[in-house]
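**Student:** Following is a predicted model, sequence given first.
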Amino acid sequence: MKRIFTKFSGLTLLCLIFFQTAFAQNITVTGVVTDAGDKTSIPSVSVVVKGTTVGTQTDATGRYSISVPATGTLTFTYIGYTTQDVPVNNRSSINVVLASSSRQLEQVVVVGYGTQRKIDVTGAVSSVKGEDISKQISPNPVSALQGRVAGVSITNNGAPGASPQITIRGTGTIYGKTGVLYVVDGVWYDDISFLNPADISNISILKDASSQSIYGIRAANGVVLVTTIRGKKGDATINYNGTAGFQSVTNAVKMANATEYATAINELYDLIGSDPLFASTDLGEGTDWYNQVLRNAMINNHQLSINGGTEKSTYNFSLGYLNQDGIIENNNYKRYTSRLSSEFQVFEPLKIGYNVTGTYSKSNDAPASIFHDLFAASPVVPVFNSDGSYGDPADFTLGNGSNMNPQASLDFNNHISSNYRITGNIYGELKFLKHLTFRTSFGGDFGQAEVRSYIPKYEATVAQRATISTLGVDRTETRNWIIENTLTYDNQWNDHKLTFLLGQTAQRYKGYVVNATAQNVPFSSEGDLYLSLGDIDKRKISDSGTLSTAASYFARANYSYKSKYLLNASIRADGASQFFGGSDLWGYFPSIGGGWVISNEDFMKNQTVLSNLKLRASWGKIGNAGVPINPTTSTVAQTPNYTAYFNHIANTGANINSIVPPAIFWERSAGTDIGLEMGFLTNRLSVEFDYYNRKTEQAIFDIPILGSLGTSTSKLIGNQADFRNRGFEVTATWSDKTDGGLTYSISGNLGINNNRVLNVTSGATPIYAGGTGLTSGALATRTVQGGPIGSFFGYQVAGIFQTNEEASASGQSGTTAGDFRYVDQNGDGLIDGKDRIVLGNPNPKYTYGVNSNFTYKNFDLSLDLQGVAGVDIYNANLGFRFGNENFTKEFYENRWRGAGSSNTYPSPKLGGSTNYFPNSFYVESGAYIRLRNIQLGYSLPTAMITKWKMRKFRVFANAQNALNFFGYRGFSPEVGGTPTNAGMDVNVYPLFATYNLGVNLTF
């Protein structure tokens, strides 16, 4: 791997030397921009040097002044007008007249294997510009999509370097892969954490089945197309973007102090009939463990790029560096990125190019259970004793529930993750016979991820000690490649426009994992930790791997007549090696879509209200091949309870204890989308509605089996369920200018989704899950026919038993005063498992966002709001108790402490009796609204910076997640998880607010 990176670095240096060019002589150009209709001047018109980010705006009188190469080109852009490119040709004065247009209809949208005008798109495709992504100051580009696209739900994780979870139009699988497909410049990926957000030009999200079906067996969870920045013709342009700031915990959970904790614990001991643990409860404030361990964490992000080219070749090279501290001590993530893309026009019909990205990241990870330890840690335990030793919970006989000193956990934690990755592709494109284009591309994803953990020989507390050191190394290698060939016919004659695509894809995915451990490895430095230094007889190693291939063929036709009537149809055939030998080796995924641009009809010409009116509808099929590989081996167990007689002599017997299920094949989805697009007042107001209905067919679900068969489990899995996600989406945008020179746009979006298990062949046989943090051994989620995936399931709390007599008289056995009183749902006089009901839904029903941009003279302001509603969370932190864990301040102040004191909060005996069973007390609303991002920038005047040989100098201040509004009792209601464990809040790395100062420079 080091040799690969050395070669890559050498190639990068050579390319930089090759493409280095000198700046041409600039001249100052002035002029005025006017309206072609009423001849009035137009303020706030964007004037940009084509191929660069250098630009200015016209003032209140429509005048502008800009420094530009004498041979350059100026691009004039304004909302509601046709964009104009004007060659400078060594002129010092250029006046421009802009004509009104329906500009949004001509916008080019990236779709699978090509582009289309927005007016020609018949599916649900949303686009986000790279400049909007870079404004979010998010280390991961997916995070920047949060609140920007209707129907797209993003769940972030606070851990540095962690990838966010993205869901497009609901969850449609349980056992299959839930991640979307990312396609970056034609290469397929499972995540894009290796990308620097500043390298992205555009992101398109394919939301409906018809637009996704061209990607077949990988498209069931949605497709995200990423286009990176390419080189542009012109003189070399150097850009630098840098930010520095800090991250701070918001909405911190306040825990009980030492006095309050001792009071509650003594109450607990009294309730269970034991002597008080603390002779005196007057212990002061004690240790605030959150304050001790959490911190304001620094974050720095820098990106340097050079872009340019000639008539025959273009290039773009960038370097990126991210240094992000976690809000936990010693937690840190560093990422280094390098990206080089070039394109060469070998001769008029032939173009070749390549994209290469190299990434290295290293993370000092936080202890795995640190946030639960902080929540549970007793405030009576000091961080350190007076002699410098660690405060030990055993000194206070706190038991196993609160036996950790979080500071010791941090100090002896040595867990490092590193990742090397090289990705990219080379391609060629040949145009021939006037209307035909052949394109071939070979891409790959080659990486190595390593996790190294070291536990030294140490003794911090009774529970935190190791008598022997242990070194663990887990290494994962990825070797993936993809070859794609497409032939496109594109022709326009009279009122007809036809584009026809034929394609072929071949892919291979190979993974290899090695896990090794050694004991008694001495520690002298981080660079001297080797498995070979451990005891020979204490070394262990295991390995495993995966290998799969796929072959695909696809075709698509796009037809437009008079830009009024639109037709789109496609078909893809996929064959995957993991299904070899079954009846479903090949899958076929058709789609069809149609559109009617009503505003282009003759009967609409004389009206002035609607500038755009388009009706579209589509249907398609997609698949999910990321399902468990077919189990083919029956296992045999030999245990003492099996007895076999041979010659009348008893022997230990053996039995087949597993059943090979029927062949598992990919999950299929069929989806319908109906959309209405409207534009008003020359498209200053645009509105888009969508209705969708997506059904996942033959999804993998549990199949119950009889215990009498002698199997080790009571279930197996198979394709036998149908799921449905159905909903509405609306997006509205208003863009305008004022006479005073203010340019602004305000956009809002709303997604409504309903998730449901429609049918299970084996009937109402549920899948139970959600056991994380439940010390009772019960499971808090249930997925069953007729309900949503992963709904919370348990007892409904009716109140609190106020006296022991009341508890004894109930049908709820094992309870006393201060315990939860559950509802007898079936009225049989007993409280048992039959009284459990659905308590909540972790699948958000509503997702929404509001995004706004304002520009006035040299100032710019962007403001983004984002939120979810109609979603629930299971606060497992409250009931995750084995003994004497701490309590939240809120619980302490509202707890039951005698008859009549509370009928909503129980006594401190949360971890005992029936109190720790899944119930409605732990289920809370996860609705929230937050100020997702606010950024204020100022660009220095062009006349000033040209004296410094600069083209752009912008400074800005940014705040992310600064204001959060919710009623949840935890750190943050943004809690992810797998489909049947979603919304379970326990040991979740909390989110935080980020405050940055930054600068954008262009030379």
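**Tutor:** Structure's in. What do you need?

**Student:** tell me the phi and psi of Trp212?
**Tutor:** Not Trp; residue 212 is Gln. phi -80, psi -30 (degrees, to the nearest 10).

**Student:** Report pLDDT for the residue nearest to it when sequence neighbours are not counted.
**Tutor:** Nearest in space to Gln212, with sequence neighbours left out and distances taken as Cβ to Cβ, 6 or more residues apart in numbering, is Ala219 at 3.9 Å. For the C-beta atoms, the positions are set from N, CA and C on the backbone; glycine is no exception. In this prediction, Ala219 carries a pLDDT score of 92.

**Student:** Quick check: the gap between Ala219 and Asn140.
**Tutor:** Per Cβ to Cβ, to the nearest Å, Ala219 is found 22 Å from Asn140.

**Student:** What of His302?
**Tutor:** Distance from His302 to Asn140, by Cβ to Cβ: 16 Å.

**Student:** For burial, what's the neighbour tally of the closest residue to Thr359 other than its chain neighbours?
**Tutor:** Leaving aside its sequence neighbours, Thr359 sits nearest to Phe194 (Cβ to Cβ, 6+ apart; 4.0 Å). Look at Phe194: counted by other Cβ atoms under 10 Å, it has 22 neighbours.

**Student:** Phe194 against Tyr420, yeah?
**Tutor:** No - counting by Cβ atoms under 8 Å, Phe194 stays clear of Tyr420, with 10.1 Å between them.

**Student:** overlap in contacts of these two?
**Tutor:** Both Phe194 and Tyr420 are contacted by Thr359, under the criterion Cβ atoms under 8 Å, 6 or more residues apart in numbering.

**Student:** ok, now which ones touch Leu865?
**Tutor:** Counted by Cβ under 8 Å, 6+ apart, Leu865 has contacts Gly147, Gly849, Val850, Asn851, Ile929, Arg930, Leu931, Arg932.

**Student:** One more: Leu878?
**Tutor:** Thr888, Phe891, Leu910, Phe921, Tyr922, Arg969.

**Student:** Now the phi/psi pair for the last one, please.
**Tutor:** Read that as Arg969. Per degrees, to the nearest 10, the backbone of Arg969 is at phi -90, psi 10.

**Student:** try the second one
**Tutor:** Its backbone dihedrals place Phe891 at phi -70, psi -40, with angles given as degrees, to the nearest 10.

**Student:** which non-adjacent residue is nearest it?
**Tutor:** Tyr905 (6.4 Å).

**Student:** what's the burial count for that neighbour?
**Tutor:** 20.

**Student:** ditto for the one 3 residues further on
**Tutor:** The criterion is other Cβ under 10 Å. On that basis, Pro908 has 28 neighbouring residues.

**Student:** can you tell me how far it sits from Val797?
**Tutor:** Pro908 is 17 Å from Val797, by Cβ to Cβ.

**Student:** tell me which element Gly911 falls in.
**Tutor:** Per DSSP states H and E: Gly911 is located in neither a helix nor a strand.

**Student:** Over to it: give its phi and psi.
**Tutor:** phi -90, psi 10.

**Student:** for it, what are its contacts?
**Tutor:** Neighbour list for Gly911: Gly401, Thr775, Gly879, Arg881, Phe882, Gly883, Glu885 [criterion: Cβ under 8 Å, 6+ apart].

**Student:** ranking these by neighbours, who comes first?
**Tutor:** Glu885 (26 neighbours).

**Student:** Skipping its backbone neighbours, what lies nearest that residue in space?
**Tutor:** The nearest residue in space to Glu885 (Cβ to Cβ, 6+ apart) is Ala376, at 3.8 Å.

**Student:** Neighbours of the one you found, how many?
**Tutor:** Ala376 has 26 nearby residues by other Cβ under 10 Å.

**Student:** Please look at it and Gly401 and confirm they touch.
**Tutor:** Yes - counting by Cβ under 8 Å, Ala376 does reach Gly401; the two are 6.7 Å apart.

**Student:** anything in contact with each of those two?
**Tutor:** Contacts common to Ala376 and Gly401, judged by Cβ under 8 Å, 6+ apart, are Arg881, Glu885.

**Student:** so Leu145 touches Gly151, yeah?
**Tutor:** No - at 11.3 Å, Leu145 does not count as touching Gly151 under the criterion of Cβ under 8 Å.

**Student:** Would you check how far apart Thr228 and Arg836 are?
**Tutor:** Thr228 is 51 Å from Arg836, by Cβ to Cβ.

**Student:** What is the burial count for the residue nearest to Lys562 when sequence neighbours are not counted?
**Tutor:** With sequence-adjacent residues excluded and distances taken as Cβ to Cβ, 6+ apart, Lys562 is closest to Asp495, at 4.4 Å. Residue neighbour count, defined by other Cβ under 10 Å, stands at 11 for Asp495.

**Student:** What of Ile541?
**Tutor:** Ile541: 11 neighbours (other Cβ under 10 Å).

**Student:** In the one helix or strand it maps to, which residues are buried?
**Tutor:** Assigned by DSSP H and E, Ile541 belongs to strand 540-561. Residues Ser548, Ala550, Ser552, Phe554, Ala555, Arg556, Ala557, Asn558, Tyr559, Ser560 are the ones in strand 540-561 that count as buried (16 or more other Cβ atoms under 10 Å).

**Student:** Listing partners with orientation, what would you give for that strand?
**Tutor:** strand 496-519 (antiparallel), strand 565-576 (antiparallel) (DSSP bridges).

**Student:** and those strands as a markdown table, adding distance to Val609 and mean pLDDT?
**Tutor:** Output for these, formatted as a markdown table (distance: least, Cβ to Cβ, whole Å; pLDDT from 0 to 100):
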| stretch | distance to Val609 | mean pLDDT |
| --- | --- | --- |
| strand 496-519 | 28 | 96 |
| strand 565-576 | 23 | 95 |
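
**Student:** among those, which is nearest Val32?
**Tutor:** Closest approach to Val32 among those (Cβ to Cβ): strand 496-519, 37.2 Å.
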